[in-house]
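> can't give you the sequence, but here's the structure:
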């Protein structure tokens, strides 16, 4: 089975080389003359006013975690779609119950307004 | 050494090296990105074990979604690195204790008489037409149907918990309601007045 994935491995290798080689060549070949002024951070010529890291609103987290949950749901659908004609009605009803339980959660988050962005 | 074994060692080396970066990097964002690399090479190892669907799901779910969440959390924490590295010595005994316990457990498991290449034979390689996704689907939705439905309940609990914990209504925020904007008519906004032109006599 693994021989089918040899092109993927070659692809990984080529992608890695394209990503790493320019950085490595720049690191090795380019002239480097660092001094403190050159390395200090600045904004439009001024000293930086604040740290680059700042607090994000927790709403982004909520959107991300709701995305993960439905991402997982989709991941369950792929093997089901492949074998649906073999597992028959039992598998179909199993997935219907699975989706039905998750639709309860979907209705809950819709009604709660978790999908609104004020 | 076969080619497959060589590939395994490459992925395993990258996994261990990037996992070391995860715990040793001072910048938590670098740690999160090193964790992405760890997941990628882990997915390569799973692929070598012929778990093709799980390997792709690892990339899809963990690299694509969970790590984004990790980065959000790392950003939201607003970590001060100087404060973070202060308590290293005081936490060292606890950390060493936990590490020793884990190593002891692993040694017990690996060293026992139930584990080893001579007791559990390596699984035989499948033919090129073998479809791991179909094999998985054939048992997941029939034999393991109960566990599958439990998974949906766990996801439902996760949805409700995430909303209850993080959803805050902000009554003071100003926002526009698009339906009102669309429904507005010309008469609501401007009034045309007929009046005589004023002229200097």
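Nice, thanks for sending it over. It should be emphasised that the depicted structure is a prediction, and the values quoted were computed from it without experimental measurement.
> ok, residue A:67 to residue A:79 distance?
21 Å (CB to CB, to the nearest Å). In short, each C-beta sits where N, CA and C put it, glycine included.
> of those two, give the one with the bigger neighbour count.
Neighbour comparison, residue A:67 and residue A:79: the larger count goes to residue A:79, with 24 against 14 (by other CB atoms under 10 Å in any protein chain shown).
> how about the helices in chain A?
Taking DSSP state H to define them, one finds helices in chain A at A:6-29, A:36-39, A:58-112.
> for those, which has the smallest mean pLDDT value?
Mean pLDDT is lowest for helix A:36-39 among the helices of chain A, at a mean of 80.
> run the chain-centre distance for that helix.
34 Å (CA atoms, centre = their mean, to the nearest Å).
> report the separation between residue A:10 and residue B:118.
Separation of residue A:10 from residue B:118 (CB to CB): 35 Å.
> and the two? Which one has more around it.
Between residue A:10 and residue B:118, counted using other CB under 10 Å, residue A:10 has the larger neighbour count: 10 against 6.
> wait, residue B:109 sits on residue B:102?
No: taking contacts as CB atoms under 8 Å, residue B:109 lies outside contact range of residue B:102: 10.7 Å.
> residue ranges of each domain in chain B, please.
B:1-93, B:126-163 (automatic domain parsing).
> of those domains, which is nearest residue A:97?
Ranking the domains of chain B by their distance to residue A:97 (criterion: CB to CB) puts domain B:126-163 first, at 5.8 Å.
> how long is the closest one from one end to the other?
Domain B:126-163 stretches 45 Å from its first residue to its last (CA to CA, to the nearest Å).
> please see if it touches chain A.
Yes: using CB under 8 Å from any CB of the partner chain, we find that domain B:126-163 touches chain A at B:126-128, B:130-134, B:136-138, B:140-142, B:145, B:148-149, B:151-153, B:155-156, B:158-160, B:162-163.
> of these, buried ones?
Using 16 or more other CB atoms under 10 Å in any protein chain shown as the burial test, the residues of domain B:126-163 next to chain A include B:131-133, B:136-138, B:140-142, B:145, B:148-149, B:151-152, B:155-156, B:158-159, B:162-163 as buried.
> restricted to helices, list those residues.
B:132-133, B:136-138, B:140, B:145, B:148-149, B:151-152, B:155-156, B:158-159, B:162-163.
> state the number of residues packed around the closest residue to residue B:35 other than its chain neighbours.
Spatial nearest neighbour of residue B:35, excluding adjacent residues (CB to CB, 6 or more residues apart in numbering or on different chains): residue B:22 at 5.0 Å. Per other CB under 10 Å, the neighbour tally for residue B:22 reads 17.
> would residue B:22 count as being in a helix?
Yes: per DSSP: H, G, I helix; E, B strand; the rest coil, residue B:22 lies within a helix segment.
> how many neighbours does residue 40 have?
No chain was given, so I picked chain A. A total of 9 residues lie near residue A:40 under the criterion other CB under 10 Å.
> you looked at the wrong chain, it should be chain B
19.
> give the contact list for it.
By CB atoms under 8 Å, 6 or more residues apart in numbering or on different chains, residue B:40 lies in contact with B:59, B:63.
> that one: what secondary structure?
Following three-state DSSP, we place residue B:40 in the helix state.
> for it, give me the pLDDT.
Listed pLDDT for residue B:40 reads 91.
> ok, it to residue A:34 distance?
Distance, residue B:40 to residue A:34, by CB to CB: 32 Å.
> kindly report the same for residue A:86.
Counting by CB to CB, the gap from residue A:86 to residue A:34 is 63 Å.
> residue of chain B closest to chain A, please.
residue B:137 (3.3 Å; CB to the nearest CB).
> I'd say that residue and residue A:79 touch.
Yes: Residue B:137 lies in contact with residue A:79 (CB under 8 Å); the separation is 3.3 Å.
> can you tell me which residues contact the residue nearest the centre of chain B?
Central residue of chain B (CA atoms, centre = their mean): residue B:66, 1.7 Å from the mean position. By CB under 8 Å, 6+ apart, the residues touching residue B:66 are residue A:68.
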